[in-house]
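Asker: my questions concern the predicted model and sequence given below.
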Amino acid sequence: MTVAVEKERETFDVVVVGAGAAGLYMLHKLRGLGMRAVVIEAGDNVGGTWYWNRYPGARCDVTSVEYSFSFDKELEQEWNWSELMASQPEIERYMNHVADRFDLRRDIRFETRVTSATWAEGSRRWLVTTDRGENLVAPQVVMATGCLSSPLKPDIDGMDAFNGTSIQTSLWPKEGIDLTGKRVALIGTGSSGVQSTPEIAKIAGHLTVFQRTPTYTWPSMNRPLTEEDLAKVKANYETLRETQRKSRVGIAGSFNGALIEPPTAKLLPLSPEERQEVLDKYGFGATRMFADIATDMEANILAREMYAQVVRKMVHDPETARKLTPIDYPIGCKRGVVDQDYFESFNRENVTLVDLRDEPFVAVNETGIKTTKSQYDFDVIVYATGFDAMTGALNKIDIRGRGGEKLKEKWADGPRNYLGLMATGFPNLFTITGPGSPSVLSNMLVSIEQHVDWITDCLAFMRADGDETIEPSLEAEDRWVDHVNQVAEGTMYVAPSCNSWYLGANVPGKVRQFMPYIGGVGAYRQKCDEVAAKGYEGFVLGKAREAVGAR
Ligand code: NA7
């Protein structure tokens, strides 16, 4: 444990919180402006999500060549991705390479957590404190804290009583853990559980997967990348980046490795024979190929039946197949998972599925897990139980804006901000890929670069214009929040039967609100650019901030 000893105040131009992709690029750009910046990072190295989530099978669901920085042409040319969909170790190596190549480490303080950020009205500065007793003073703060960075551990009775090893996928130890021949429990079947299942199954003596909700998961198209593949991409990076920036989700579709633009064909008009034909040809892929699946519940139900058919084909035991089939929530409500051999794993002798709907947990005990039907004994329990998404990491920091208002309280009924970038009452506090921006509905690297570039331009503008503060007007904030909600209406994301982390539904007591912006990466970028071009329309700059005080 870090012992906090109160230290002298240190002044900076900008304090950046987090040294994942967002914090790294932000630091690089701030240096470009000649600003003195410091990055505070809880981990002992860079990489953010790709530093923490080192569970077996962790892999990005966006193609590697697209999930990469575009800001430096030489970086693009010198880095060689080995697989179509990069694994955690490779992305972590990439983030380390970026940190070294741009000499970023000297301004990053590792193994340090920001505990509070308080706006001082008199000095127009933020005071940022850390768990090491640091007092950092700066006019600007950038929260590069990530969208899925506040791990959730469930509240099951007796969890501390377990005598074996308990481990969370999002806090997997750096030194690894030897699961060879072990009796392993895996709780949770979201992306982390689904990705780790096949890998753990390969080494464990026995793997028992505890499932509360079956998952829609689609087979990955992963494969090694050849020299030819890379040469082709490297020759076309400029077009690829341009396409990404204008696209719906920040993906240009290199190698057809991911969905690019929304489909236009409809499922409902197809006859049963035609549907069967598509299903036979494309398997799981057929349930993502039609536009009306996303908006028409009747089409969605048909697609679910098609999905169930493929599961029955893949999983040999009919009872296990039944349990693994999602039945009571629509396709497209939760983030689609991309897997490698998930369903196939349940055909192995050493893998068992426990359906928590049939037999809920009673408690974790000394030797394992007791459900209403059985006692299961284990050497290791793996919790793949998700995150307090989008607002979790921000709410863990005691952030106080004008008049001591707490961000957590302002957001008690759901996050409120303008463009996902800034909240009224919290001047000079920027959030990279905050709620209200495309963020988790997009290729994060594309969205991160867009936000960092926008913030950099904004700071340069303020300096040239002689502005000291910037924050959104309450009117602009209200309008944006309404717009974010309005565009999500009628989609499967907000269907009454949908309970996803996008809605905060996985966190007990968290208010139900759809947090990311679904309007599309291209349209969102255009909106942000227009706002900047109009002298930061909707924002109150410098002296004009007094008008905001009346809110
Ligand atoms: P997710 O997608 O939130 O999945 C968490 C899983 O853990 C999910 O299956 C949950 O079931 C399950 N869970 C959570 N709490 C419990 C308890 N108490 N008992 C049993 N099961 C539980 O997190 P991931 O880490 O897999 O993925 C997050 C994102 O990271 C992913 O979408 C990608 O974008 C990358 P539930 O569905 O709530 O019934």
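Answerer: That came through, no problem.

Asker: can you give me the buried ones in stretch 360-373?
Answerer: Buried residues in stretch 360-373, counted by 16 or more other Cβ atoms under 10 Å: 361-362, 364-365, 367-371. For the C-beta atoms, the positions are set from N, CA and C on the backbone; glycine is no exception.

Asker: check stretch 196-203 too.
Answerer: Neighbour-count burial for stretch 196-203, counted by 16+ other Cβ under 10 Å, picks out 196-202.

Asker: name the nearest residue to the residue of the stretch 1-150 of the chain found nearest the ligand, sequence neighbours excluded.
Answerer: Nearest to the ligand, among the residues of the stretch 1-150 of the chain, is L148, at 4.8 Å (Cβ to the nearest ligand atom). Sequence neighbours aside, F387 is the residue nearest to L148 in space, at 4.5 Å (criterion: Cβ to Cβ, 6 or more residues apart in numbering).

Asker: ok, the residue in the stretch 351-500 of the chain that the ligand sits nearest to - contacts?
Answerer: Closest residue of the stretch 351-500 of the chain to the ligand, Cβ to the nearest ligand atom: G386 (2.6 Å). Contacts here follow Cβ atoms under 8 Å, 6 or more residues apart in numbering; on that basis G386 touches 151-152, 188, 190, 192, 501, 506.

Asker: next, it: phi, psi?
Answerer: Backbone torsions of G386, given as degrees, to the nearest 10, read phi 90, psi -160.

Asker: from memory the residue of the stretch 1-150 of the chain closest to the ligand sits against M444, does it?
Answerer: No. Contact criterion Cβ atoms under 8 Å: L148 and M444 do not qualify, at 9.5 Å.

Asker: picking that back up, which of the contacts of G386 come close to the ligand?
Answerer: 188, 190, 192, 501, 506 (Cβ under 6 Å from any ligand atom).

Asker: state which helix of the chain is the longest.
Answerer: Within the chain, and with DSSP state H defining each element, the longest helix by residue count is helix 444-465.

Asker: and that one, which residues are buried?
Answerer: Neighbour counts over helix 444-465 (16+ other Cβ under 10 Å) mark 444-459, 462 as buried.

Asker: same check on stretch 132-148?
Answerer: 132, 134, 136, 138-148.

Asker: out of these, which comes closest to D100?
Answerer: A144 (18.7 Å; Cβ to Cβ).

Asker: output the below-cut-off pLDDT ranges for this structure.
Answerer: 1-4, 256-262, 543-551 (pLDDT under 70).

Asker: residue farthest from the centroid of it?
Answerer: The C-alpha centroid of the chain is most remote from E273, which lies 38.9 Å away (Cα atoms, centre = their mean).

Asker: ok, now which ones touch that residue?
Answerer: Applying Cβ under 8 Å, 6+ apart to E273 gives no contacts.

Asker: ditto for A58
Answerer: Counting by Cβ under 8 Å, 6+ apart, A58 touches 50, 87-88, 169, 192, 195-196.

Asker: also P139?
Answerer: Neighbour list for P139: 13-14, 124-126, 428, 468-469 [criterion: Cβ under 8 Å, 6+ apart].

Asker: try H97
Answerer: By Cβ under 8 Å, 6+ apart, the contact list for H97 reads W79.

Asker: assign a three-state SS to it, would you?
Answerer: helix (DSSP: H, G, I helix; E, B strand; the rest coil).

Asker: hang on, the earlier thing: the residue farthest from the centre of the chain sits in which helix or strand?
Answerer: Taking DSSP states H and E as the criterion, E273 maps to helix 272-282.

Asker: so how far is whatever helix or strand F210 lives in off the chain centroid?
Answerer: If you go by DSSP H and E, F210 is part of strand 206-211. Relative to its chain's centre, strand 206-211 lies at 25 Å (Cα atoms, centre = their mean, to the nearest Å).

Asker: what of stretch 18-33?
Answerer: 18 Å.

Asker: hmm, it in reach of the ligand?
Answerer: No. Using Cβ under 6 Å from any ligand atom, stretch 18-33 stays clear of the ligand, coming no nearer than 13.5 Å.

Asker: buried stuff in that stretch?
Answerer: For stretch 18-33, burial by neighbour count (16+ other Cβ under 10 Å) applies to 18-30.

Asker: hmm, who's touching stretch 512-526?
Answerer: 244-250, 389-391, 413-415, 419-420, 435-443, 446-447, 450, 483-485, 487-488, 491, 493-494, 502-505, 527.

Asker: next step: those residues restricted to helices.
Answerer: Per DSSP H, the contacts of stretch 512-526 map to helices at 244-246, 446-447, 450, 483-485, 487-488, 527.
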